[in-house]
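**Student:** quick one, structure for this:
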Amino acid sequence: MTSADLLVDAFGRIRETVSYTVYGLNPAQLAYRIAADANPVGWLIWHLTRVQDDHVAAAFSRPQVWSAGGWAARFGLRAGSMDTGYGHTSQQVAAVTAAIASADLLADYHEAAYDQTVKLVSGITDADLERVVDTSWHPAVTLGVRLVSVINDDLQHAGQAAFLRGILLRGTV
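**Tutor:** Next comes the predicted model:
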């Protein structure tokens, strides 16, 4: 197994969790907050996909799927918005969540971001992983570190969303 194969597999596992998690949920379930300021399933999936799209595209100097595919408009969000959800207030989470019309919309955006991610990572070599992609941190961030960071963040949020799905579907709330 190559490094590229490993990365494709990891992003594929995120994709599977996202697909399973949003499948069959209605807008009210996607927006449900287990506590007043908790993040709902819809926002968690939107956010993890935005971060993946943003960070992977930047690491490879490519346009984000979000902007290239007009996804802000599809979500009913402000055109040209490149927001990833990082640091969102409770009100901002609610605004994004209200814009999520369906589980299919979330799944379609994630699928588009996944497709671009796989195209970009499937050809990398071990040597590519050492390439510096962000000098704003100390030490500078390499491609390998950035991709592992995205995978880690995505898996955490996907797990949170899957947990919430379980609570919603068991009717305990």
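**Student:** and stretch 53-68, which residues are buried?
**Tutor:** Applying a neighbour-count criterion of 16 or more other CB atoms under 10 Å, one finds 53-57, 59-60, 64-67 buried in stretch 53-68. From N, CA and C alone the C-beta is placed, and that goes for glycine too.
**Student:** no, scratch that, I was asking about stretch 147-158
**Tutor:** For stretch 147-158, a neighbour-count test (16+ other CB under 10 Å) marks 147, 150-151, 153-154, 157-158 as buried.
**Student:** how about the spatially most central residue of the chain: what's its closest non-neighbour residue?
**Tutor:** Centroid check for the chain by CA atoms, centre = their mean gives T49 as the closest residue, at 1.7 Å. The shortest distance from T49 to any residue that is not its chain neighbour, by CB to CB, 6 or more residues apart in numbering, is 4.6 Å, and that residue is H110.
**Student:** for that neighbour, what are its contacts?
**Tutor:** Residues counted as contacts of H110 (CB atoms under 8 Å, 6 or more residues apart in numbering) are 15, 18-19, 45, 49.
**Student:** so how far is the helix or strand it falls within off the chain centroid?
**Tutor:** Taking DSSP states H and E as the criterion, H110 maps to helix 103-121. Using CA atoms, centre = their mean, to the nearest Å, we find the averaged C-alpha position of helix 103-121 to lie 9 Å away from the chain's own average C-alpha position.
**Student:** what residues of it count as buried?
**Tutor:** Buried residues in helix 103-121, counted by 16+ other CB under 10 Å: 103, 105-107, 109-110, 112-114, 116-118, 120-121.
**Student:** still on that earlier bit, now, the buried residues of stretch 53-68 that are in helices?
**Tutor:** Cross-referencing these with the helices (criterion: DSSP state H) gives 53-57, 59, 65-67 as the overlap.
**Student:** now stretch 162-173: average pLDDT?
**Tutor:** If you average the pLDDT over stretch 162-173, you get 86.
**Student:** what residues does it touch?
**Tutor:** Taking CB under 8 Å, 6+ apart as the criterion, the residues outside stretch 162-173 that touch it are 17, 20-22, 25, 29, 32, 34, 40-41, 44.
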